[in-house]
Each structure stands twice: as C-alpha cells, then as structure tokens.
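S.K.: Starting from these lines, generate the structure:
(2 chains)
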Amino acid sequence: MQLIFEMFTYPFILRAFEVGIMVSLCAALLGVSLVLKRYSMIGDGLSHVSYGALSIAMAFGLAPLKVSIPIVVIAAFCLLRITQEGKIKSDAAIAVLSAASLAIGVIITALTTGMNTDVCSYMFGSILAMSESDVQLSVVLSIVVLIMFVFCYHKIFAVTFDENFAKAIGVKTSFYNSLIAVLTAITIVLGMRMMGAMLISSLIIFPALSSMRIIKNFLGVVICSGFLSVLCFCIGIVISYRYSTPTGASVVIVNLGVFLGFCLLAKRKDKIIKE
Amino acid sequence: MTENRISNDKILLSCQSACIGYDNKIVVKDLAIDIWERDYIAVIGENGSGKSTLVKTLLGLQKTISGKIIMHEEVKNNGIGYLPQQTQVQRDFPASVYEIVISGFLNSSKRTPFYSTGQKKAAYKNMELLNIERLKKRCYRELSGGQQQRVLLARALCAAHKLLVLDEPVTGLDPDATVELYENLRMLNQELNMTIIMVSHDIRNVLIYADTVLQLKQSNWFYGTTKQFLNTDYGRKYFGGNETCN
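M.R.: Prediction:
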C-alpha cells in the first residue's frame, strides 16, 4: 500500500496512469470486435506504421502525436479497403505494410538522430515519454473513442456478428467498419508511447481473448475485457515500478498470466459440466 | 402465385428483365417475375446457377447488371428479413440468443443508438413464436443446428414483417430439425401472411411446402406454380410429374 502512495508522488507516474487506464480501456473494447472479425493483426500492423510516422515526426522536429494520428488513420483505411476488395489477402497486406513502415522508420532515424534511447523507447515503450500536452490530447481522444463506442455499440455488434445481414437490413456497414478502424488507429497511436510499437497490439488482443474463455455473451465479454485490461495495466505498472522492469513488457506479462489463468478456469468449468 | 389470391394483395417485388451476375458476367438473364404478398417461392438450381447471386441482388448487396428490381414501398421501408448461410465466424462467437435476435431491429432504430421498450417486447414475442424464449440467455455457439437457425429466423422476423429471404436454411440440419424449420416457415407464411423466398437444395421437401418454383438453369429460368413445375420436362424426369406430390 505504501508502495502505491509512494508511486503517486511522482507526477510522471500519475500521467502514465491517466493515459494508460484510458487507452487500455479503449483498446480492450475495440479489441473484442477486432478479434472476432479476425482482424487481430491490424493492431500490430498499425503500430508499426505508427513507429514509422513517429520517426518522421522526430526527424522534422514536429509534435509526434499530431503527425502520427492522421498517418495511421489513413493506413487503417487502406488496410480495410485492401482487405474488403480481396485482391491481396489481408494478412499479407498487413505484413507488407508493417515491414515497409518499420523500414522507413529505421532508415529515417539512422540518417538523422541515429539509434539512441529515444528509438528504443518507441519500440518498447517508456512512461517517461509522455509530455503534459500529450497527456491532455490522449485523455480527450480516449473519451471521444469511448463515447463513439458506446453510441455505436449495437451497430458494432451487428457488423461484427454478421456483416451481410447488417448490410441487408440497411446498416451502413462500410461506415462502421471504417469507424472501428479509425478508433483503433487513434487508440494505437495514443498507447504506443507507453507500451511501445512492438507491444501495443497485445493490449487489444489479450483482454478480449481472456474474457472469451469464460464469458458467453457479447456485452459480458466487452465489459469483462474493459475491466481486465485496466486491472492488468495497473498491476503491470506497479510491478514495473517495484522491480524496475520495462512498463509495456510488464503489462503484457500480467495480461498473459490472466489469459493462462482464464484458460485453466475454462477447462475446469468444462470438466465440471461434463461430470 | 397462390391460386386464391385476395383482391387487395400487392406485388412486393418485381424483377423487370433484370440481368443478374457479378463482375459483369451474367448468370441469370432477363429475369421477369412478380412476387406477391403471401407467396412461398422455392428457388432451385444447380451449384453455380446463380441462386446466391440472386439472393444478394434482392437484398441490395449487389447491383443488377441491367434491368431493374422494383420494390413496394412497404418492403423499402421495412426491409427484407434475411437468413444467411452459416459462416465460420459465427460458430465461435460469444453472443447470447437475445442479443442476436434483437439486433434485427437495427434498421428501424437509425436515429437512436439504443433499443426501445417496444422493440424489446417484440423481440420476446418473436422468440416465443419460434419457441426459443427459454434459450434467451444461452450462448449461440452452444445451441444445436436447428436451434441456431430458429434464432436467426427470429432475428429476421425482427428485421421485417413482410418478406423473408432464406439461403439454404436446412443445410446441415438433422431430419427432425429440418421438418421443424419447415413447419415454422409454413406457420409464418399462412398465419402471419409473410412472403417467403427460399433457396434450397432439399428439393423434394421444398416442393411439398412451396407454392411457387423459380428454377435457375444456365442463364435461363423457369417460374411457375409447383404443379406447373412438376409438369415441365425436368419436373417429370426427376419427380415423376404431378402424381407423387399433392
């Protein structure tokens, strides 16, 4: 308990909590839809694009968030288009895009600042990276994402469960698909400073997967993932503070632990039902 | 094409020399049919004859290549209830029966983001009608094939109360569940006066229930009552003409 009080005396940890809780909540809610639509890898692809965009912003001395959000949103649109038209298989498209933007990012950093600790913090995250204005922007955008999600919840369910049916009864499915992509893109950019480009996609995938082990209705899964995600983030950051481990990686490990625990729980439940 | 049509029955949907296909490749040529209220139409044909393409076109998921499909105002406003072929994604989806059934109302709640009390009541009514009310909290993926189809049918009822389009609804169902689904459809057709368009491979059963047949064959088509169909060369060859089926 004393440990937690001690943590909150540092303003940068307080900032990390603010942003982290909001972002992990957004990521978990959107993650349910993405995982069920078989789009898990989109998060991963977009985070690499986000890395490329950040390095461009740094090279030109621009504000990182304001540059990378539009770039990643456009990338998300492109990925969705390519996937829907079906000319290139979506997994291949994502792989191409993420490798290309990673390469661009690495070359730009090598030519300008060189490989330094900044680059490392993009890759694997750092809670020191957030400035005061970043925090404000992140919190505002997260709230926008949450509100949009709540208002479009039923439509998102319909588009996720059965896109053809939704389209047949007059739901504008391409609009809602784009909405999911845009919200995901924003969430990823916001989260990647802290979690790192390599690890941010876990924030999207893990909570949804864990909840789906034991909960059998959509609303339940959404609520449970939101809750798990925030909880795992908080535990992760405390561990990271106590043992001086990298924040992003600690959060992922906690998520992994929860996922494995839920798997065991689900197996046990199955056994009991069979008996 | 019921013989005893009531005078105030309306044409719900009318195809006027519509050419249907995809990527500019015509699969069904110059389709000219009228679909009336209370019709029960079986769409049959071999694989690749354009049945699914026809369904997609009727639902507005794709456009006709030429010609047009005219819909009655009531269909335009209420939409078409659709029972799709099952896809792989749905099988492991965490969704309760209630959540799925009520999602049929999304077309009529365009302005508000949440469901109204009336819609919730109607969803319960539709679940009762198909005898799945006791399953409302169960997870969709744990139900039997027949129960799953009835859930999707209840959802389709929420979406529309005039016209239902079903794409191979009995594929993969066991005989009991098949009969049960057909009985449900007969009840919807006869008691609730719903128009039903059903794509099926299960021709023998379909001919017992449907009153009209649309047969698609290599860019050609036949449209007529079940009796007329049984008297075509094809009907005589495979189903022994009019006698076997009353």
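
S.K.: CA only for contacts and neighbour counts going forward, please
M.R.: Fine.

S.K.: just how off-centre is stretch B:79-96 within its chain?
M.R.: 14 Å (Cα atoms, centre = their mean, to the nearest Å).

S.K.: And that stretch, end to end?
M.R.: Taking Cα to Cα, to the nearest Å, stretch B:79-96 runs 24 Å from one end to the other.

S.K.: Can you report how many residues neighbour A:Asp91?
M.R.: Residues near A:Asp91, counting by other Cα atoms under 10 Å in any protein chain shown, number 17.

S.K.: likewise A:Ile104?
M.R.: Every residue meeting other Cα under 10 Å relative to A:Ile104 is counted, giving 18.

S.K.: cool, and B:Glu46?
M.R.: 13.

S.K.: Surely it touches B:Ser219?
M.R.: No: using Cα atoms under 8 Å, B:Glu46 is not in contact with B:Ser219, being 11.7 Å away.

S.K.: neighbouring contacts of stretch A:246-263?
M.R.: A:124-127, A:194-196, A:199-200, A:202-203, A:206-207, A:209-211, A:213-214, A:229, A:232-233, A:235-237, A:239-241 (Cα atoms under 8 Å, 6 or more residues apart in numbering or on different chains).

S.K.: Show me what the strand or helix carrying A:Phe149 is in contact with.
M.R.: Element membership of A:Phe149, judged by DSSP states H and E, is helix A:132-151. Helix A:132-151 is contacted from outside by A:15, A:18-19, A:22-23, A:26, A:29-30, A:65, A:183, A:186-187, A:190, B:113-114, using Cα under 8 Å, 6+ apart.

S.K.: and the residues you listed, which are buried?
M.R.: A:15, A:19, A:22-23, A:26, A:29-30, A:65, A:183, A:186-187, A:190, B:114 (16 or more other Cα atoms under 10 Å in any protein chain shown).

S.K.: which of the contacts of stretch A:246-263 are buried?
M.R.: Judged by 16+ other Cα under 10 Å, buried ones among the contacts of stretch A:246-263: A:124-127, A:194-196, A:199-200, A:202-203, A:206-207, A:209-211, A:213-214, A:229, A:232-233, A:236-237, A:239-241.

S.K.: any idea how far the residue of the stretch 1-150 of chain A found nearest chain B is from A:Ala158?
M.R.: Using Cα to the nearest Cα, A:Leu36 is the residue of the stretch 1-150 of chain A that sits closest to chain B, at 7.0 Å. Distance, A:Leu36 to A:Ala158, using Cα to Cα: 12 Å.

S.K.: quick one: which of those two has more around it?
M.R.: Legend: neighbour count by other Cα under 10 Å for A:Leu36 and A:Ala158, higher for A:Ala158 (24 against 19).

S.K.: That one contacts A:Ala168, correct?
M.R.: No: the criterion here is Cα under 8 Å, and A:Ala158 misses it with A:Ala168 at 11.3 Å.

S.K.: Out of the contacts of stretch A:246-263, list just those in strands.
M.R.: Within the contacts of stretch A:246-263, no residue falls in strands by DSSP state E.

S.K.: wait, isn't A:Ile200 in contact with A:Leu190?
M.R.: No: using Cα under 8 Å, A:Ile200 makes no contact with A:Leu190, being 9.7 Å away.

S.K.: can you give me the strands in chain B?
M.R.: B:11-22, B:25-36, B:40-45, B:66-71, B:81-83, B:163-167, B:195-199, B:212-217, B:220-225.

S.K.: An error on my part: the question was meant for chain A.
M.R.: For chain A, applying DSSP E gives no strands.

S.K.: Spell out which residues of it are next to chain B.
M.R.: A:36-37, A:151-155, A:157-158, A:161-162, A:164-171, A:212, A:215-219, A:221 (Cα under 8 Å from any Cα of the partner chain).

S.K.: Now the buried members of those residues.
M.R.: The buried subset of these (16+ other Cα under 10 Å) comprises A:36-37, A:152-155, A:157-158, A:161-162, A:164-171, A:212, A:215-219, A:221.

S.K.: lowest average confidence, helix or strand, in the chain?
M.R.: Just going to use chain A. Here the helix or strand of chain A ranked lowest by mean pLDDT, DSSP states H and E is helix A:117-124, holding a mean of 72.

S.K.: hm, I was asking about chain B
M.R.: helix B:88-91 (a mean of 60).

S.K.: Could you export the strands of chain B as CSV, including mean pLDDT and mean neighbour count?
M.R.: Shown next, in CSV, are the strands of chain B (pLDDT from 0 to 100; neighbours: other Cα atoms under 10 Å in any protein chain shown):
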stretch, mean pLDDT, mean neighbour count
strand B:11-22, 82, 19
strand B:25-36, 83, 19
strand B:40-45, 88, 26
strand B:66-71, 83, 18
strand B:81-83, 86, 26
strand B:163-167, 88, 23
strand B:195-199, 90, 24
strand B:212-217, 86, 22
strand B:220-225, 82, 17
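
S.K.: between those, which one is nearest to chain A?
M.R.: Counting by Cα to the nearest Cα, chain A lies closest to strand B:81-83 out of the strands of chain B; the figure is 6.4 Å.

S.K.: Is the closest one positioned near chain A?
M.R.: Yes: if you take Cα under 8 Å from any Cα as the test, strand B:81-83 does meet chain A, through B:81-83.

S.K.: With stretch B:64-75 instead?
M.R.: No: Stretch B:64-75 stays clear of chain A (Cα under 8 Å from any Cα), getting no nearer than 10.7 Å.

S.K.: returning to what we had before: list the ones among the contacts of stretch A:246-263 that fall in helices.
M.R.: A:124, A:194-195, A:200, A:202-203, A:206-207, A:209-211, A:213-214, A:229, A:232-233, A:235-237, A:239-241 (DSSP state H).

S.K.: In JSON lines: the buried ones among the contacts of helix A:132-151, plus distance to B:Gly67.
M.R.: As requested, those are exported to JSON lines (distance: Cα to Cα, whole Å):
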{"residue": "A:Arg15", "distance to B:Gly67": "62"}
{"residue": "A:Val19", "distance to B:Gly67": "56"}
{"residue": "A:Met22", "distance to B:Gly67": "52"}
{"residue": "A:Val23", "distance to B:Gly67": "51"}
{"residue": "A:Cys26", "distance to B:Gly67": "47"}
{"residue": "A:Leu29", "distance to B:Gly67": "44"}
{"residue": "A:Leu30", "distance to B:Gly67": "42"}
{"residue": "A:Leu65", "distance to B:Gly67": "51"}
{"residue": "A:Leu183", "distance to B:Gly67": "40"}
{"residue": "A:Ile186", "distance to B:Gly67": "44"}
{"residue": "A:Thr187", "distance to B:Gly67": "46"}
{"residue": "A:Leu190", "distance to B:Gly67": "50"}
{"residue": "B:Phe114", "distance to B:Gly67": "38"}
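
S.K.: ok, and the closest non-adjacent residue to whatever residue of the stretch 101-250 of chain A ends up closest to chain B?
M.R.: Per Cα to the nearest Cα, A:Asn217 is where the stretch 101-250 of chain A lies closest to chain B, at 4.0 Å. Leaving aside its chain neighbours, A:Asn217 sits nearest to B:Ala95 (4.0 Å; criterion: Cα to Cα, 6 or more residues apart in numbering or on different chains).

S.K.: Would you map the helices across chain B?
M.R.: Counting by DSSP H, residue ranges of the helices within chain B are B:51-58, B:73-78, B:88-91, B:97-102, B:117-129, B:145-159, B:175-190, B:203-209, B:226-230, B:233-239.

S.K.: re earlier: could you pull out the buried residues of the least confident helix or strand of chain A?
M.R.: For helix A:117-124, the buried set under the neighbour-count rule, 16+ other Cα under 10 Å, comprises A:118-119, A:121-124.

S.K.: which other residues reach that helix?
M.R.: Residues from elsewhere that reach helix A:117-124 (Cα under 8 Å, 6+ apart): A:51, A:55, A:109, A:129, A:192-199, A:246, A:248-249.

S.K.: 7 Å instead?
M.R.: A:51, A:193, A:195-199, A:248 (Cα atoms under 7 Å, 6 or more residues apart in numbering or on different chains).

S.K.: Which of those residues sits closest to B:Val151?
M.R.: When those are compared for distance to B:Val151 (Cα to Cα), A:Leu199 wins out at 39.2 Å.
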